[in-house]
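Peer 1: here is my input, please return the structure:
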Amino acid sequence: MNRTRSIAAGAAAALVWGAAERIDRKVFANDYTDVALLGKLVTRSRAWPVAGCVLHAANGAVFGLAFDVARRRTSIPPRRLALGLALGEHLVLFPLGALVDRYHPARGEPGVERVFGGRAFAQATVRHALFGVVLGRLAASRAGSSRVHRPGRR
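Peer 2: Below you'll find the model as predicted:
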């Protein structure tokens with residue numbers, strides 16, 4: 001595995017997440033999307049979906065980089081590590097949804113209706129799990145790359 005592959009895998013996993021939002025909004029009966037949350041934060045024009053996708057992919061790329069750094073420093077298998085980091089991030093950051101519900105400039109609009117609550121928590125858990133699985137799979141998909149890198153060994 002290399003750093004560039006992990007960054008690209010993170011961006012791709014974030015785009016898969018964004019595509020899955022159409023489905024999970026119906027399943028969880030909660031109209032919140034991270035793409036809308038990010039896009040409508042930076043623009044209120046019709047370009048918010050593009051801005052949201054770009055920002056979400058960029059966030060995924062940064063997460064992919066953090067995953068790569070962590071992967072190099074642990075013996076946890078990469079796929080398990082990616083899933084664990086994604087779910088850990090969810091648990092740490094979810095409470096910020098209360099601030100989004102109160103202060104986001106587009107709060108109450110489609111896609112940013114309710115970010116903090118039970119349904120949103122379940123929805124975001126599934127999204128983060130999907131992200132972690134896709135990241136782990138893409139980052140480790142090259143033949144032989146699923147082996148754990150142990151510092152000091154070649």
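Peer 1: chain neighbours aside, what residue packs nearest to P49?
Peer 2: Excluding the flanking residues, the one nearest P49 by C-beta to C-beta, 6 or more residues apart in numbering is G39, at 5.8 Å. (C-beta placed from N, C-alpha, C; glycine too.)
Peer 1: show me where this structure has helices.
Peer 2: 3-27, 34-42, 48-72, 78-93, 97-103, 118-139 (DSSP state H).
Peer 1: for the chain, which spans come out with low pLDDT?
Peer 2: 1, 142-154 (pLDDT under 70).
Peer 1: any idea how many residues pack against the closest residue to G132 other than its chain neighbours?
Peer 2: Excluding the flanking residues, the one nearest G132 by C-beta to C-beta, 6+ apart is A86, at 3.2 Å. The tally of other residues near A86 (other C-beta atoms under 10 Å) stands at 26.
Peer 1: show me what contacts A86?
Peer 2: Neighbouring residues of A86 by C-beta atoms under 8 Å, 6 or more residues apart in numbering: 63, 128-129, 131-132, 135.
Peer 1: buried subset of the residues you listed, written for PyMOL?
Peer 2: Buried members of these, identified by 16 or more other C-beta atoms under 10 Å, are gathered into one PyMOL selection as follows:
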select buried, resi 63+128+131+132+135
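Peer 1: pull the most distant pair out of the contacts of A86.
Peer 2: Maximum pairwise distance among those (C-beta to C-beta): 13.8 Å, between F63 and A129.
Peer 1: quick one: residues contacting the residue nearest to D31 when sequence neighbours are not counted.
Peer 2: Once flanking residues are discounted, D31 sits nearest to E113: 4.5 Å by C-beta to C-beta, 6+ apart. Applying C-beta under 8 Å, 6+ apart to E113 gives the contacts 30-32.
Peer 1: picking up where we left off before, which of the contacts of A86 lies closest to L15?
Peer 2: Closest to L15, out of all of the contacts of A86 and judged by C-beta to C-beta, is F131, at 10.0 Å.
Peer 1: separation between the residue nearest to A58 when sequence neighbours are not counted and V35?
Peer 2: Leaving aside its sequence neighbours, A58 sits nearest to A11 (C-beta to C-beta, 6+ apart; 7.3 Å). Remark: distance between A11 and V35 (C-beta to C-beta, to the nearest Å) = 14 Å.
Peer 1: much appreciated, bye for now.
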